[in-house]
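Peer 1: just a sequence and a predicted model for now, questions to come.
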Amino acid sequence: MKIIKETKSMCPVCGRLLPATVTEEDGAVWIRRTCPEHGELRSLYWSDAEMYHRYEQYDREGRGVYNPNTNTPGECTQRCGLCAHHKSGTLLANIDLTNRCNLNCDFCFANARACGYIYEPTFDEIVSMLELLRNEEPVPCPAVQFAGGEPTMRDDLTDIIKKAKELGFSQVQMASNGVKLARNPELAREWRAAGLSTVYLHFDGTTKDTNPLLEKTSLPAIESCRKAGLGIVLVPTVINGKNDHQVGDIIKFAAKNIDVIRGINFQPVAFTGAAKNDDVERERVTVPDLVKRMEEQTDGALKQSDFYPVPSMMAVCDLIESYTGEAQIMFCAHPHCGAATYGFVNEKGDLVPVNRFIDVDKFLTEVAKMAEKFRNAGKTGKYLAMVTGLNNMRKIVEKGEVEGIKIDMNKMIYDALIKHDYNSIGQFHKNALFIGTMHFMDCFNYDTDRVERCCIHYTTPDGRLIPFCTYNSGPVYREQVWKKYAKPMPAKKNASAGGSCAGCGDCGSVENTE
């Protein structure tokens, strides 16, 4: 056993915060801690130690926020947030619009069906939360995702989207099961006109056994968005033994529908409910597991080496900041939170990763050199450094055609950095498929080092920003916030003379549309 680091974690039984050790054992990475009440606990952290250490090389801390929201004493997880100790700003904010839903999913970490009350902030409370995000210093939050529950249950969703755009969010996203989009295609046009950028669509597989919603909900919802010109990111919850064998099929499905599907964000299941050790051991999927399945199930079109952790992009953030002299957003999440790459689809439908066009490591090294030169140069010196850097980049960027795809990476870099013309980057995103995974933590693999670096935060009506994994596990801030602002459920509507619930979701109950 090799000790990698000391941190703090939780007891999955009582939630107590404990000193913990991250260790390497038999080619995998584990997190160990001892609870005075429940004894020694060992949980899988990453299934591939070699990949863990590769990602560790890209580790970069951020600068946090200049105007923290709380000064509550106590340890991490007890003083959220954001507190002065947090090391990252908000890249993406989640706002729960409601806990009402029109589905009944057994793995939902929001656990909407069991609440027994309604959590639904008022429009004015939501505006205050949006303003809090845009007032963050030194860089206002650029992206917000409306979540729940099912956000489409709100009648004022269009007005909420409009307000977010009005306040300056460049990305306005919505996490949805797609039920209402499938039933009413006009909603996609209405929400896109209001300023919605992307629908994060629940999508667990390409067959009915893995995705019961496929025929009646998922496919019609995708078609509604296609007709409205509204982009989609597929969000599969990956569970070992249930749908992990369809990872490759989901990627192929997205590639066939690249005109409307902009990406896939695979989310290995987080055990935030009353999970047992047996459940976790049987169903756990880590980032290395998922990436290996992608390589196997795409016949090597995607390789494990094609994927990079989020903070690998910090070199690009440094470059833009040093060139413009203005604070920029920082992709400084913990290196073991997730992984991603981009792929292009040729006329035959084959997926070609961006790594085939460019040596990513050499590119990032050159970008870091340019950023350093900019920091030490005047206006004229910056221009000369840029020209030199671009000439060096031409040596590492593929100039020709790769597997039927031609991407002028040099022009894109030149347009963005010299001409400040970002149209070519926009075209890149339209023609590229984002393939990523974010492994949200639970009480079994909780690591406060990761929490302090979190870039995805929940916003609450009482003016706090809480890291995603802390909000959904541990002290369960979600439960505390929802209960604090809870409203009693109205009487259920009768669906028949027998008095059974109609399941429309209007009263906070749930249904299974399939």
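Peer 2: Perfect, I can see it now.

Peer 1: so residue 40 touches residue 30, yeah?
Peer 2: No - here residue 40 lies out of contact with residue 30, judged by CB atoms under 8 Å, at a distance of 11.7 Å. C-beta: built from backbone N, CA, C; applies to glycine.

Peer 1: how much space between residue 78 and residue 15?
Peer 2: Distance of residue 78 to residue 15, given as CB to CB, to the nearest Å: 11 Å.

Peer 1: again, but for residue 180
Peer 2: Taking CB to CB as the measure, residue 180 falls 36 Å from residue 15.

Peer 1: between these two, which one's more packed in?
Peer 2: residue 180 (20 against 15; other CB atoms under 10 Å).

Peer 1: and what about the more buried one, helix, strand or coil?
Peer 2: Under DSSP: H, G, I helix; E, B strand; the rest coil, residue 180 falls in the helix class.

Peer 1: OK, contacts around the spatially closest residue to it that is not a sequence neighbour?
Peer 2: Excluding the flanking residues, the one nearest residue 180 by CB to CB, 6 or more residues apart in numbering is residue 152, at 4.3 Å. When contacts are counted by CB atoms under 8 Å, 6 or more residues apart in numbering, residue 152 touches 174, 176, 179-181, 187.

Peer 1: residue 152: what secondary structure?
Peer 2: Using three-state DSSP, the structure places residue 152 in helix.

Peer 1: tell me the contacts of residue 91?
Peer 2: 141-143, 329-331, 333, 455-456.

Peer 1: again, 7 Å this time
Peer 2: By CB atoms under 7 Å, 6 or more residues apart in numbering, residue 91 lies in contact with 143, 329, 331, 455-456.

Peer 1: kindly report the same for residue 81.
Peer 2: The contact partners of residue 81, by CB under 7 Å, 6+ apart, come to 69-70, 464-467.

Peer 1: can you redo these as JSON lines with pLDDT?
Peer 2: Formatted as JSON lines, the contacts of residue 81 follow (pLDDT from 0 to 100):
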{"residue": "69", "pLDDT": "85"}
{"residue": "70", "pLDDT": "81"}
{"residue": "464", "pLDDT": "91"}
{"residue": "465", "pLDDT": "93"}
{"residue": "466", "pLDDT": "91"}
{"residue": "467", "pLDDT": "91"}
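
Peer 1: and which of the residues you listed is nearest to residue 485?
Peer 2: Nearest to residue 485 among those, counting by CB to CB, is residue 464 at 12.4 Å.

Peer 1: separation between that closest one and residue 318?
Peer 2: 29 Å.

Peer 1: same check on residue 35?
Peer 2: Residue 35 is 41 Å from residue 318, by CB to CB.

Peer 1: comparing the two, which residue is more hemmed in?
Peer 2: residue 318 (20 against 17).

Peer 1: ok, that one touching residue 371?
Peer 2: Yes - contact status for residue 318 versus residue 371: in contact at 4.1 Å, counting by CB atoms under 7 Å.

Peer 1: output the below-cut-off pLDDT ranges for this protein.
Peer 2: 105-114, 273-275, 379-380, 398-401, 404, 407-410, 413-430, 474-476, 490-514 (pLDDT under 70).

Peer 1: and the residue nearest the centre of it, what are its phi and psi?
Peer 2: By CA atoms, centre = their mean, the mean C-alpha position of the chain lies nearest to residue 438, the distance being 5.7 Å. The phi/psi pair for residue 438 (degrees, to the nearest 10) reads phi -130, psi 120.

Peer 1: doesn't residue 18 belong to a helix?
Peer 2: No - assignment of residue 18 by three-state DSSP gives strand, placing it outside any helix.

Peer 1: neighbours of it, how many?
Peer 2: 17.

Peer 1: equivalent analysis for residue 61, please.
Peer 2: By other CB under 10 Å, 14 other residues sit near residue 61.

Peer 1: repeat that for residue 484.
Peer 2: Using other CB under 10 Å, the number of residues around residue 484 comes to 11.

Peer 1: what helix or strand is residue 90 on?
Peer 2: Using DSSP states H and E, residue 90 is not contained in any helix or strand.

Peer 1: and the closest residue to it other than its chain neighbours, how far is that from residue 329?
Peer 2: The spatially closest residue to residue 90, leaving aside those adjacent along the chain, is residue 141, at 4.1 Å (CB to CB, 6+ apart). Distance of residue 141 to residue 329, computed by CB to CB: 9 Å.

Peer 1: who has more neighbours, these two?
Peer 2: Set residue 141 next to residue 329 and count neighbours by other CB under 10 Å: residue 141 wins out with 27 against 20.

Peer 1: is residue 466 in a helix, a strand, or coil?
Peer 2: The three-state label given to residue 466 by three-state DSSP is strand.

Peer 1: where do the helices sit along the stretch 51-200 of the chain?
Peer 2: With DSSP state H, counting those that start in this stretch as the criterion, the stretch 51-200 of the chain has helices at 123-134, 157-166, 179-183, 186-194.

Peer 1: can you give me the strands in the stretch 251-400 of the chain?
Peer 2: Assigned by DSSP state E, counting those that start in this stretch, the strands in the stretch 251-400 of the chain fall at 261-268, 338-345, 351-353.

Peer 1: a markdown table for these, including mean neighbour count and distance to residue 307?
Peer 2: As requested, the strands of the stretch 251-400 of the chain are exported to a markdown table (neighbours: other CB atoms under 10 Å; distance: least, CB to CB, whole Å):
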| stretch | mean neighbour count | distance to residue 307 |
| --- | --- | --- |
| strand 261-268 | 22 | 11 |
| strand 338-345 | 22 | 4 |
| strand 351-353 | 20 | 9 |
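
Peer 1: which among those is found nearest to residue 248?
Peer 2: Taking CB to CB, strand 351-353 is the member of the strands of the stretch 251-400 of the chain nearest to residue 248, at 10.1 Å.

Peer 1: hmm, who's touching the closest one?
Peer 2: Looking at what lies outside strand 351-353 - CB under 7 Å, 6+ apart - the contacts are 251, 255, 298, 301-302, 306, 341, 343-346, 402-403, 405.

Peer 1: out of the residues you listed, grab the one that's most surrounded.
Peer 2: residue 343 (26 neighbours).

Peer 1: and the nearest residue to that residue once chain neighbours are set aside, how far is that from residue 306?
Peer 2: Leaving aside its chain neighbours, residue 343 sits nearest to residue 351 (4.4 Å; criterion: CB to CB, 6+ apart). Note on residue 351: its distance to residue 306, by CB to CB, is 10 Å.

Peer 1: all helices for the stretch 251-400 of the chain, in order.
Peer 2: 277-283, 287-297, 314-324, 360-375, 379-393.

Peer 1: out of those, which gets nearest to residue 53?
Peer 2: Here helix 287-297 is closest among these (CB to CB), at 11.5 Å.

Peer 1: give me the neighbour count for residue 486.
Peer 2: By other CB under 10 Å, the residues close to residue 486 number 15.

Peer 1: identify the bridge partners of it.
Peer 2: Here residue 486 sits in beta bridges with residue 119, as judged by DSSP bridges.
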